[in-house]
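# After the sequence you'll find the predicted model.
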Amino acid sequence: MKRMLCAILGILLLSAVEAAAEEAPGFGFINMRDTALQEEPGGETLYSLPRDTCVWIRDSVTDPEGNEWLAVNTGLWKQPGEDLTGWVCAEQVDSGEEVWHDVVSVSADECGMIALKADGTAETAGRIYPPLDPMYGPTARRWTYRCGTIMQVQAWVGGYAARMEDGSVTNTAVGIPYYPSGKEFRLLAEHSCQFGISAKNELTDMCEPATRLTWYWPENAPSRKTISRVVSLDCQHGWLAMLTDSGELLAAKCWESSGEEPVWSQWRDMETFHMKDNSRWAGDSAACEWMMAGVKKDGTAQAWPEMLENVLTGWTDLADIQLGTGYALGLKKDGTAVSAGLPGTQAPDVSGWRNVTAIAAGRGFCVGITESGGLVFAGEARISRKQ
């Protein structure tokens, strides 16, 4: 009988551990005015957090009275370079399914993340830099409330961008929808607010003055017909790349940049691709100033430079690869995920993820969309406005 009870208890504990792995803490929002950020549960108040302040939940405990407390990172500074952290009462934080539900796509970068929901609304979590207005505090949450029906969202190093149903575009530097260069857009570049493709299939630089592109593959600028077949584009470290529906990458240099470059003609039969400026990586950035990875149509990984290629050796049955600061995150076709860090960097642990349909990678954290439209998180985010 004792052995049976021990076995049952072991199964229950294992289930609890698995559930905890699937329900990893992540981004949440303060839901009350002047919420006390305490040094320890029930202890001294360090700061009064305004409503809608974004927090990253690291841990939770229950005190002897049965009250649940959350350990959080905030977007505030204790001193230069050190985030203000502490404990808040769990009932004063909206998180999990309260916030993250019906999500259809997500994007992440240095700043944080933005999630697009099925009803065309979006939710942002992380920092906003530069701040739109002092009343927004260390969160970009209210920014999306100014938008109409959103069709595409992007996180980039300095903030967030969105494309609306009517083809207008906005980002956290502008704050309201507008038509760059007087054009409607069908596609925005990932991790950049610089380039997009208009509804008339014109590759458009949304910044002034416009960038003069030098094409590397092909050697001449692609035709409008070719651009009409582009399904995604990205811009990093002076390079613009576009993926066509046939799996070919088109590449152009936006400005002069030093260092090696990929052999663009070898990037064929691609299903997905992503680029990452690695200048904020704490490792040997001189050896990996920027990197690129993608999934080929046979489910294998292709990567550049060699440092990243070595890390991804053996990755198969892939649906997508995303790149975070100093690490790679892979989504497998069976809904599980894998991660690996560049030398000297530890990637977020995603071994407990199941039934994931899409992924995004940021700085120190990553996020996945589940089949139910919820989100799972891994790692730990720093969300200070100055890093």
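Structure's in. What do you need?
# what's around Asp298, how many residues?
10 (other C-beta atoms under 10 Å). The way it works is simple: take the backbone N, C-alpha and C, and place the C-beta from them, glycine included.
# Spit out the contact partners of it.
Asp298 is in contact with Asp269, counting by C-beta atoms under 8 Å, 6 or more residues apart in numbering.
# Make sure it is indeed in a strand.
No. Per DSSP: H, G, I helix; E, B strand; the rest coil, Asp298 lies outside any strand segment and is coil.
# ok, the longest strand seen in the chain: who's next to it in the sheet?
As assigned by DSSP state E, the longest strand anywhere in the chain is strand 68-79. In the sheet, strand 68-79 lines up against strand 54-62 (antiparallel), strand 82-89 (antiparallel) (DSSP bridges).
# Out of the ones you listed, flag the one nearest Met270.
Closest approach to Met270 among the strands paired with strand 68-79 (C-beta to C-beta): strand 54-62, 33.2 Å.
# Is Ala293 bridged to anything, and to what?
Under the criterion used (DSSP bridges), Ala293 bridges to His274, Ala303.
# just for the stretch 151-300 of the chain, where's the confidence low?
209, 257-258, 282-287 (pLDDT under 70).
# Strands of that one, residue ranges please.
159-164, 169-171, 185-188, 195-198, 203-205, 214-217, 230-236, 239-244, 249-253, 270-277, 290-296 (DSSP state E, counting those that start in this stretch).
# could those strands be laid out in TSV, adding mean neighbour count and distance to Trp87?
Shown next, in TSV, are the strands of the stretch 151-300 of the chain (neighbours: other C-beta atoms under 10 Å; distance: least, C-beta to C-beta, whole Å):
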stretch	mean neighbour count	distance to Trp87
strand 159-164	24	28
strand 169-171	21	34
strand 185-188	22	39
strand 195-198	23	43
strand 203-205	19	47
strand 214-217	16	52
strand 230-236	20	38
strand 239-244	22	44
strand 249-253	21	48
strand 270-277	22	34
strand 290-296	23	37
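# Can I get those strands in a markdown table including distance to Asp119?
Below are the strands of the stretch 151-300 of the chain laid out as a markdown table (distance: least, C-beta to C-beta, whole Å):
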| stretch | distance to Asp119 |
| --- | --- |
| strand 159-164 | 14 |
| strand 169-171 | 18 |
| strand 185-188 | 20 |
| strand 195-198 | 24 |
| strand 203-205 | 28 |
| strand 214-217 | 40 |
| strand 230-236 | 24 |
| strand 239-244 | 28 |
| strand 249-253 | 34 |
| strand 270-277 | 26 |
| strand 290-296 | 29 |
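# list the contacts for the residue nearest to Asn171 when sequence neighbours are not counted?
Excluding the flanking residues, the one nearest Asn171 by C-beta to C-beta, 6 or more residues apart in numbering is Ala161, at 4.0 Å. If you count contacts by C-beta under 8 Å, 6+ apart, Ala161 has them with Val153, Gln154, Ala155, Val169, Thr170, Asn171, Thr172, Leu188, Cys193.
# tell me which residues form a beta bridge with the first one?
By that I understand Val153. Bridge pairing for Val153 - DSSP bridges - gives Ala162.
# Give me the neighbour count for Gly148.
Neighbours around Gly148, by other C-beta under 10 Å: 14.
# Repeat that for the one 3 residues further on.
Met151 is surrounded by 18 other residues when neighbours are defined as other C-beta under 10 Å.
# before we move on, back to that, closest one to Cys111 among the strands paired with strand 68-79?
Across those, closest to Cys111 is strand 54-62 (C-beta to C-beta), at 10.9 Å.
# If you count neighbours, what's buried in the closest one?
Cys54, Val55, Trp56, Ile57, Ser60 (16 or more other C-beta atoms under 10 Å).
# For Pro25, state which of the residues you listed is nearest.
Ile57 (3.7 Å).
# Report the contact partners of that closest one.
So Ile57 contacts Pro25, Gly26, Phe27, Gly28, Leu70, Ala71, Val72, Val93, Ser95 (C-beta under 8 Å, 6+ apart).
# would you turn the residues you listed into CSV with pLDDT?
CSV is the format used below for the contacts of Ile57 (pLDDT from 0 to 100):
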residue, pLDDT
Pro25, 84
Gly26, 94
Phe27, 95
Gly28, 94
Leu70, 97
Ala71, 96
Val72, 95
Val93, 96
Ser95, 94
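# farthest-separated two in these?
Pairwise across those, and taking C-beta to C-beta, the largest span is found between Phe27 and Ala71, at 14.0 Å.
# and Ala301, what does it touch?
Ala301 neighbours (C-beta under 8 Å, 6+ apart): Ala293, Gly294, Val295, Leu312, Trp315, Thr316, Leu318, Ile321, Gly330.
# these two touch, right, Ser168 and Tyr178?
Yes. Assessed by C-beta atoms under 8 Å, Ser168 is found in contact with Tyr178 at 6.1 Å.
# Between these two, point out the one with more neighbours.
Ser168 (18 against 12).
# what residues are up against that one?
Gly148, Pro177, Tyr178, Tyr179, Glu184, Phe185.
# so what does the host helix or strand of Thr124 touch, helix or strand wise?
Under the criterion of DSSP states H and E, Thr124 resides in strand 122-126. Strand 122-126 sits against strand 27-30, strand 112-117, strand 150-156, with contacts defined as 3 or more C-beta pairs under 8 Å, 6 or more residues apart in numbering; DSSP states H and E.
# For that strand, which outside residues touch it?
27, 29, 54, 75, 99-100, 111-117, 139-141, 143-144, 147, 150, 153, 155, 160, 162, 362, 381, 383.
# so Ala115 sits right up against Val106, yeah?
Yes. With contacts counted by C-beta under 8 Å, Ala115 reaches Val106, the gap being 4.7 Å.
# Any chance you could list residues touching both of the two?
Common neighbours of Ala115 and Val106 (C-beta under 8 Å, 6+ apart) are Val153, Val367, Leu375.
# Report the separation between the closest residue to the last one other than its chain neighbours and Thr124.
Leaving aside its sequence neighbours, Leu375 sits nearest to Trp100 (C-beta to C-beta, 6+ apart; 4.0 Å). In this view, Trp100 and Thr124 are 12 Å apart by C-beta to C-beta, to the nearest Å.
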